[in-house]
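Peer 1: Generate coordinates for the sequence data below:
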Amino acid sequence: MKKNKVIIANMKMNGSLSSNEIYLTKIKNNFNNFKNLDVDMLHYSFENFGVLVSKADRFAVNLAKVRYAEGKRASWYDPFLHGFGAMFKGLIIKGGITGGIHEWHVAFASAYNSYMKYVVMLEMAQNEKK
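Peer 2: Residues are numbered from 1 along each chain as shown. Okay, the predicted model is just below:
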């Protein structure tokens, strides 16, 4: 197996939690921070399935609040329609069906995230009517 070279640089990360944006400071003409590594690098988007689902919950609630504040409303069928659409996109369109159990987990979490976003918007609309 051929190993790819990985370049790692020391960079400071400055982020704002409210805007979910992370800015990387640029390294200007200072190539002493770079090192070549002759290793394989594995990257996992999530530690385990529980972390993936809890992150999906947070994102769904936050996005539902933003969309609701922008005036978007959900119908009774939106959670099912968008949840199914996200699952279809993850498994069929993006090819996750052939990617193994981890790809199925990601597709399921995406569908769950989409479903919950519209459920939260429906709950917000019901609470507003009361």
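Peer 1: Could you confirm residue 106 falls within a strand?
Peer 2: No - counting by DSSP: H, G, I helix; E, B strand; the rest coil, residue 106 is not part of a strand but helix.
Peer 1: from what I can see it touches residue 49, true?
Peer 2: No - under the criterion of Cβ atoms under 8 Å, residue 106 is not in contact with residue 49, lying 9.7 Å apart. Using the backbone N, CA and C atoms, a C-beta is placed for each residue, glycine as well.
Peer 1: Please identify which of these two sits among more neighbours.
Peer 2: Regarding residue 106 and residue 49, a neighbour count based on other Cβ atoms under 10 Å identifies residue 106 as having more, with 19 against 14.
Peer 1: quick one: that one and residue 97, what's the gap?
Peer 2: With distances taken as Cβ to Cβ, to the nearest Å, residue 106 is found 12 Å from residue 97.
Peer 1: Helices along this structure, start to end?
Peer 2: Using DSSP state H, the helices of the chain run over 49-69, 78-88, 101-129.
Peer 1: Identify each buried residue in the shortest one, please.
Peer 2: In terms of neighbour count (16 or more other Cβ atoms under 10 Å), helix 78-88 has its buried residues at 78-79, 82-83, 86-87.
Peer 1: so that helix versus helix 101-129, what angle?
Peer 2: Angle between the axes of helix 78-88 and helix 101-129 is 160 degrees (criterion: axes from the mean of the first three to the mean of the last three Cα atoms, to 10 degrees).
Peer 1: for stretch 62-81, how far is the first residue from the last?
Peer 2: Start-to-end span of stretch 62-81 (Cα to Cα, to the nearest Å) is 20 Å.
Peer 1: pretty sure residue 111 contacts residue 81?
Peer 2: No - with contact defined as Cβ under 8 Å, residue 111 does not count as touching residue 81 (11.1 Å).
Peer 1: Kindly list the single helix or strand of the chain that scores lowest on mean pLDDT.
Peer 2: Least confident element among the helices and strands of the chain, by mean pLDDT, DSSP states H and E: strand 21-24 (a mean of 33).
Peer 1: Would you quantify the distance from the spatially most central residue of the chain to residue 111?
Peer 2: Most central in the chain under Cα atoms, centre = their mean is residue 56, positioned 7.2 Å from the mean C-alpha point. In this structure, residue 56 lies at 9 Å from residue 111, with Cβ to Cβ as the measure.
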